[in-house]
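Enquirer: coordinates for the following, if possible.
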Amino acid sequence: MSLAPPLLDLFGEPLRLPTRRERQRVAMRTLERASRPVLRPGGPPLAVEGALPLPPQARPRPDAAAPVISIPALVPTEPPSSAAVAALLQRHPSLWRGQALGLTAARCWPSGHALLDAELPGGGWPTRALTELLLAPQAGHVEWRLLAPVLKRLVQGGRRLLLIQPPYEPHPQGLAAWGLAVGDCLWVQAPDPLQRQWALEQALRADADELGAVLAWLQAPRAAALRRLQTLAAGCRAPVFVCHASANAASHSAAPLRLQVRPGPHWTQLQVELLKRRGPPLDTPLWLHAPPPTLRAVMPIPQAVRPVLRPAHALQA
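Expert: Residues are numbered from 1 along each chain as shown. Prediction:
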């Protein structure tokens, strides 16, 4: 005797028949819905065929006022005025409009480059956020040339810089040329990529008072790792910079500020591209005047490569 094939649901699983308790629960819910009165404006409840009679305490009195159901009229809304939008953005600095640079409630440190500050949201390097620097292979310390003006101010007041696995060993004379002392830096050696990630996460969680800035050189960080770092950097009072190779420029990143730094055609210039910021995209790169201090002391700077203190889009206009 062959058994009939079992019934299957939409997902191909054997269909389970409801138990007696489940059938009783469904029957009670159906009975309760059938016993509820149907209200109508200006009159007593409507009679429903098959509904149970109402108890005496639930029946409406003859002199009782009929229930009134008010339906609000649909009024077309007008777009908010510019004053209302400005007041909203002032109360909530985390909001920003796509055609303007975003604001931030956290502190921003001026980068020391007037051309770059004019294009950064908040007018400088942000705190409580992750800043991602994409470097060209063998760029030659372009991150130091870009960050040296602000690092000298961040170490004031007894604060220190946390350096996590820099590509080269910090040299006392080289640091002195940038205006930094050996005692201003804490060097963490972490050759393994997982060790670098762990050291950076622990530093962000600690958020020590003597921490002036964090510079970490990672190796091809993934999107999930950058998302976790951005979450931790939101609670850090010091600027956080993550440096890695520019081969991942097209990948997704949770960092609100992302820049690509390359050496310019002249030894005094840096080419900076704003890949991501809280504001409109910037199609043209920025040419910053950032000569190495060791060469600046012995080589003259031609007039043709003097710094320009106006944004690139203003020059084109």
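Enquirer: from residue 90, how far off is residue 83?
Expert: Residue 83 is 11 Å from residue 90, where distance means Cβ to Cβ, to the nearest Å. Any C-beta I mention is one placed from the backbone N, CA and C, and that applies to glycine too.
Enquirer: and if you look at residue 245?
Expert: For residue 245 relative to residue 90 (Cβ to Cβ), the value is 40 Å.
Enquirer: do residue 228 as well
Expert: 32 Å.
Enquirer: who has more neighbours out of these two?
Expert: residue 228 (17 against 10; other Cβ atoms under 10 Å).
Enquirer: is it true that that one touches residue 201?
Expert: Yes. Residue 228 is in contact with residue 201 according to Cβ atoms under 8 Å; the separation is 7.1 Å.
Enquirer: show me where pLDDT drops low in the stretch 101-250 of the chain?
Expert: By pLDDT under 70, the weakly predicted segments of the stretch 101-250 of the chain are 139-140, 248.
Enquirer: could I get the full set of strands for the protein?
Expert: With strands called from DSSP state E, the chain shows them at 38-40, 43-46, 108-109, 125-126, 130-135, 160-164, 185-188, 211-217, 240-245, 257-263, 269-276, 286-289.
Enquirer: dump the ones you listed into TSV; add distance to residue 142 and mean neighbour count as well.
Expert: Shown next, in TSV, are the strands of the chain (distance: least, Cβ to Cβ, whole Å; neighbours: other Cβ atoms under 10 Å):
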stretch	distance to residue 142	mean neighbour count
strand 38-40	74	11
strand 43-46	79	12
strand 108-109	19	20
strand 125-126	16	24
strand 130-135	6	23
strand 160-164	16	21
strand 185-188	18	16
strand 211-217	13	23
strand 240-245	9	22
strand 257-263	5	19
strand 269-276	6	19
strand 286-289	10	20
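Enquirer: ok, which of the ones you listed comes nearest residue 97?
Expert: Set against residue 97 and scored by Cβ to Cβ, the strands of the chain come closest in strand 269-276, at 16.6 Å.
Enquirer: the closest one pairs with which strands, parallel or anti?
Expert: strand 257-263 (antiparallel), strand 286-289 (antiparallel) (DSSP bridges).
Enquirer: can you give the distance of that strand from its chain's centre?
Expert: 20 Å (Cα atoms, centre = their mean, to the nearest Å).
Enquirer: any idea of the angle that strand forms with strand 130-135?
Expert: Here strand 269-276 runs at an angle of 130 degrees relative to strand 130-135 (axes from the mean of the first three to the mean of the last three Cα atoms, to 10 degrees).
Enquirer: contacts for strand 269-276 next, please.
Expert: The contact list for strand 269-276, computed with Cβ atoms under 8 Å, 6 or more residues apart in numbering, reads 116, 119, 134, 142, 145-146, 249, 253, 255-264, 281-282, 285-290, 305.
Enquirer: same thing but at 7 Å, please
Expert: Under the contact criterion Cβ atoms under 7 Å, 6 or more residues apart in numbering, strand 269-276 has outside partners 116, 119, 142, 145-146, 249, 253, 257-264, 282, 285-290, 305.
Enquirer: quick one on the thing from earlier: can you redo the strands paired with strand 269-276 as a markdown table with mean pLDDT and distance to residue 211?
Expert: As requested, these are exported to a markdown table (pLDDT from 0 to 100; distance: least, Cβ to Cβ, whole Å):
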| stretch | mean pLDDT | distance to residue 211 |
| --- | --- | --- |
| strand 257-263 | 94 | 19 |
| strand 286-289 | 93 | 26 |
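Enquirer: the ones you listed: which one's closest to residue 109?
Expert: strand 257-263 (12.5 Å).
Enquirer: now the closest one against strand 240-245, angle please.
Expert: Here the directions of strand 257-263 and strand 240-245 differ by 50 degrees (the same axes, to 10 degrees).
Enquirer: fine, thanks again, bye for now.
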